[in-house]
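My questions concern the predicted model and sequence given below.
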Number of protein chains: 2
Amino acid sequence: MAEALRVGIAGLGTVGASVVRVLHDKAAELARQCGRAIEVVAVSARDPRRERGIDLGTASWFDDPVKLAQADGIDVFVELIGGDEGPARACVKAALEAGRHVVTANKALLAKHGVALAEIAEKKGVLLNYEAAVAGGIPVIKTMREAMAGNSISRVFGILNGTCNYILTRMEAEGLSFEDCLKDAQRLGYAEADPTFDIEGNDTAHKLSILTSLAFGTKIAADSIYLEGISNITQADIRAAGELGYRIKLLGVAQRTDSGIEQRVHPTMVPTASVIAQVNGVTNAVAIETDILGELLLSGPGAGGNATASAVIGDIADIAKSRPGFQHGPVFGRPAKELVPYKKAQMRAHAGGYFIRLTVHDRIGVFAAIAKRMAENDISLESIVQHADGLGAAQQKTVILVTHETTEQAVRKAVDNVTRDGHLTSKPQVIRIERAG
Amino acid sequence: MAEALRVGIAGLGTVGASVVRVLHDKAAELARQCGRAIEVVAVSARDPRRERGIDLGTASWFDDPVKLAQADGIDVFVELIGGDEGPARACVKAALEAGRHVVTANKALLAKHGVALAEIAEKKGVLLNYEAAVAGGIPVIKTMREAMAGNSISRVFGILNGTCNYILTRMEAEGLSFEDCLKDAQRLGYAEADPTFDIEGNDTAHKLSILTSLAFGTKIAADSIYLEGISNITQADIRAAGELGYRIKLLGVAQRTDSGIEQRVHPTMVPTASVIAQVNGVTNAVAIETDILGELLLSGPGAGGNATASAVIGDIADIAKSRPGFQHGPVFGRPAKELVPYKKAQMRAHAGGYFIRLTVHDRIGVFAAIAKRMAENDISLESIVQHADGLGAAQQKTVILVTHETTEQAVRKAVDNVTRDGHLTSKPQVIRIERAG
């Protein structure tokens, strides 16, 4: 058997502790699968005294993760610190420059500095593996980077944030408000004390930006993503969606169009009978559409110490199976130096179906006025439903429109016109409909 | 850039022609991803004159695929002939013994000779890749063999045959009989003229046997699979399933139990709200349950020239990215020589819920007699539904039982007893219920 693969781990939080535990518990099996042992020889974390319930054996302790990254005795550096700057960035860069393979779960770091880091990895001939950075335990990076060689991807979309999916699932199943579900999610540890980053879609955007690069061979452009969170989704939307045969999910979508590449994160109506509509709770899912394979969907746990550790260990095992002389595939599927600039498609050119929910004064002619505004903007309607609102609101009605394929520009203009006409009693709600199999 | 990877392809049917076409059309992109060109330098097929609509360029023609497999000028031998003996087996063996990497889509060959072929590959230090052999374009082999390193798998199950799933989907959606759906499937090319191999579960069993080996590190045991096809599924079953919140799918299931490993292929009730229940038509899906990752589900096209070609090309690209000196992971996840004998769990020990549909004489006391037989065998019932049969059959009733978890042995005994009691007017129907997320 070949010499053991020597691993250094920086960051011993939930995921780091899981990685150490699994590498220890499954040592014999991993050695059998990889043809060599995998040994944790060095670690670094903020607090050396904290009880983590793991056996660090004879692993050396480093106070400075950069020193660990550069240490002579390691083959692979595993970064589980998190954050897009500071020690995480410094130590990943140092490890690559020192010719160490790197495994990271850090989506924020990759979304911001992924291409620059990939260039260093490719120059040094080492691997930069990051399966855990997107959709936790789901092997979407391996699938896109390896299994789909030769495929041209037209669209990739997914449920990439467990917090949002948990909230939307409970809102639908139990009829609760967004605020109540968020509170429960916080109580159960599914949402942070400050949940903004999750519920406003930023976390989904980080992950999506990595998938976009893999899909289209473009430089990562995490700042060019259209962003809409779920905080304005109400029970009225969820009920109306259900009646129309849809379910609301926060999706990240990257799609090639004639005018460029769309990257968008927003609440989306997907058909209730689609596979992705059944992906509930904290589970994640990614769907990928290509010219050759067709449509592939992967679903599984998107977070959690063990699921994330599973992806980290898969990445380490891939390195353990490789040997000196192995020429690795590029970090983002194509050589980092050949990634082309991201050409952003304008959101107003987005084509698709739309759900429009309007609360209007209950007056003669309102319905006709709305229909006229739609027609003026060449919007063809698939269905119109009119509801009388609850008992206390006899003076207003709800009108729900579902459009055939149209453009964002047309919908915005039509809704602006209806608003300016003075028919609405509250803010209009517009939710995009996404094709899903 | 490194030297081109030289590929020889035996078999130019639908899949073979797709592989040649995609390698040609995507040559530049593949070279960019793999760091070297992939060239088809030699081919072999039965009829050199047939028009296949592909450009074979300067590829040499071999009448004998074994000669092609041994030819000096190739690095990778791609077997797309099919069949578990004859030329397919001879040329794969010859290629491995000549030190060529092999890519195959041949599930029958692997189900029968996979372990012996893996031993040769591992001795020679070459890759034997077979992503296309199970679930077409779905990267389940890569996921289980690479991404899940360190995971202990407890159960793997899936919809592995598009023909059966197409028939069951149409039976449910359109209320058609099994026979009518089969005829349509034959007309559309989804089913063979002799459909036995598909509809009786043999094709699913071949694929399952490969997944079992990957999941549990056991030798392939395709002959030790409990087999039940879909030909006795009726509209009465499908309607009753729907009313109870289930959908019927033909699943292949491999599961670790206290008494060994279950391998079974049979019609299965899965909850209508589960992800796998939405996998319709010819689409395939595989779910994998592990101790660390949790549950992962992959769904996508399970057959078709292009989807299968996508998997074959992914396998070739993995070889193109490797270089001499690379120590490959074992063919079935663990070294072939260390695969342990398959320990078969007895089907009568299978534990799970059951759906039992009985057509009984409409007589006083029948219901009580059935309930007594269930109780005698310690079967606890989750629900009992009694239907009056259609107008013409006033003398008989349908009784549908759904059990809590019990054993196959108990159910068989109870149903035998009820049958012997003389209450039934036709053969009892028993369908297993499978947990699914």
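Structure received. Numbers count the residues shown, from 1 in each chain, chains lettered A, B, ... in the order given.

Which residues are in contact with the residue of chain A positioned farthest from its centre?
Going by C-alpha atoms, centre = their mean, the residue of chain A most distant from its centre is residue A:364, 45.7 Å out. By C-beta atoms under 8 Å, 6 or more residues apart in numbering or on different chains, residue A:364 lies in contact with nothing. For the C-beta atoms, the positions are set from N, CA and C on the backbone; glycine is no exception.

Give me the distance between it and chain B.
43 Å (C-beta to the nearest C-beta, to the nearest Å).

so that residue sits in a strand?
No: applying DSSP: H, G, I helix; E, B strand; the rest coil, one finds residue A:364 to be coil, outside a strand.

Verify the contact between residue A:40 and residue A:56 for me.
Yes: counting by C-beta atoms under 8 Å, residue A:56 is a contact partner of residue A:40 at 7.2 Å.

More neighbours: the two, which one.
When neighbours are counted by other C-beta atoms under 10 Å in any protein chain shown, residue A:40 and residue A:56 differ, and residue A:40 comes out ahead with 25 against 16.

Does the more buried one have any beta-bridge partners, and if so which?
Under DSSP bridges, the beta-bridge partners of residue A:40 are residue A:7.

and it, what does it touch?
Taking C-beta under 8 Å, 6+ apart, we find residue A:40 in contact with A:7, A:8, A:9, A:20, A:23, A:24, A:56, A:57, A:59.

Once you drop chain neighbours, what's closest to the fourth one?
Nearest-residue entry for residue A:20: residue A:54, 4.6 Å, with adjacent residues in sequence omitted and distances by C-beta to C-beta, 6 or more residues apart in numbering or on different chains.

can you list the weak-confidence ranges in the stretch 251-400 of chain A?
Where the stretch 251-400 of chain A drops to pLDDT under 70, the residues are A:323-328, A:389-394.

And the helices in it?
A:305-321, A:366-376 (DSSP state H, counting those that start in this stretch).

Tell me which of these approaches chain B most closely.
Between chain B and the helices of the stretch 251-400 of chain A, the shortest gap by C-beta to the nearest C-beta is with helix A:305-321, which sits at 3.4 Å.

do you know how far the residue farthest from the centre of chain A is from residue A:387?
17 Å (C-beta to C-beta, to the nearest Å).

Span of stretch A:96-115 from start to end?
Terminal residues of stretch A:96-115 are spaced 13 Å apart (C-alpha to C-alpha, to the nearest Å).

picking up where we left off before, most packed of the helices of the stretch 251-400 of chain A?
Each of these was assessed for mean neighbour count using mean count of other C-beta atoms under 10 Å in any protein chain shown. The highest is helix A:305-321, with a mean of 26.

so what does that one touch, helix or strand wise?
The contact analysis (3 or more C-beta pairs under 8 Å, 6 or more residues apart in numbering or on different chains; DSSP states H and E) places helix A:305-321 against strand A:5-10, helix A:14-25, helix A:27-34, strand A:38-44, strand A:76-79, strand A:101-104, strand A:128-129.

Could you save the ones you listed as JSON lines and add columns showing mean pLDDT?
Formatted as JSON lines, the helices and strands packed on helix A:305-321 follow (pLDDT from 0 to 100):
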{"stretch": "strand A:5-10", "mean pLDDT": "98"}
{"stretch": "helix A:14-25", "mean pLDDT": "97"}
{"stretch": "helix A:27-34", "mean pLDDT": "94"}
{"stretch": "strand A:38-44", "mean pLDDT": "97"}
{"stretch": "strand A:76-79", "mean pLDDT": "98"}
{"stretch": "strand A:101-104", "mean pLDDT": "98"}
{"stretch": "strand A:128-129", "mean pLDDT": "97"}
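
so what's the residue nearest to residue A:37 when sequence neighbours are not counted scoring on pLDDT?
For residue A:37, ignoring the flanking residues on the chain, the nearest one in space by C-beta to C-beta, 6+ apart is residue A:4 at 3.9 Å. For residue A:4, the pLDDT comes out at 96.

follow-up on the earlier one: farthest pair within the contacts of residue A:40?
Using C-beta to C-beta, the two most remote members of the contacts of residue A:40 are A:8 and A:24, lying 15.3 Å apart.

In terms of neighbours, single out the busier of those two.
With neighbours defined as other C-beta under 10 Å, residue A:8 and residue A:24 compare such that residue A:8 has more, 28 against 15.

Return the distance of that one relative to residue A:345.
Going from residue A:8 to residue A:345 by C-beta to C-beta gives 42 Å.

burial count for residue A:60?
Counted by other C-beta under 10 Å, the residues lying close to residue A:60 total 15.

Might one say that it is in contact with residue A:39?
No: the pair residue A:60 / residue A:39 is not scored as a contact, 11.7 Å apart, by C-beta under 8 Å.

mind listing the strands for the stretch 151-300 of chain A?
Assigned by DSSP state E, counting those that start in this stretch, the stretch 151-300 of chain A shows strands spanning A:153-159, A:226-227, A:246-257, A:260-271, A:283-290, A:295-301.

Tell me how many other residues surround residue A:387.
As a burial measure, residue A:387 scores 15 neighbours (other C-beta under 10 Å).

and the closest residue to it other than its chain neighbours, what does it touch?
Of all residues not flanking residue A:387 in the chain, residue A:398 sits nearest, at 4.2 Å (C-beta to C-beta, 6+ apart). Contacts for residue A:398 (C-beta under 8 Å, 6+ apart) come out as A:236, A:240, A:357, A:358, A:359, A:360, A:386, A:387, A:388, A:389.

Now render those as JSON lines, adding distance to residue A:330.
Listed next are the contacts of residue A:398 as JSON lines, based on distance: C-beta to C-beta, whole Å:
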{"residue": "A:236", "distance to residue A:330": "47"}
{"residue": "A:240", "distance to residue A:330": "45"}
{"residue": "A:357", "distance to residue A:330": "45"}
{"residue": "A:358", "distance to residue A:330": "49"}
{"residue": "A:359", "distance to residue A:330": "52"}
{"residue": "A:360", "distance to residue A:330": "54"}
{"residue": "A:386", "distance to residue A:330": "55"}
{"residue": "A:387", "distance to residue A:330": "53"}
{"residue": "A:388", "distance to residue A:330": "59"}
{"residue": "A:389", "distance to residue A:330": "56"}
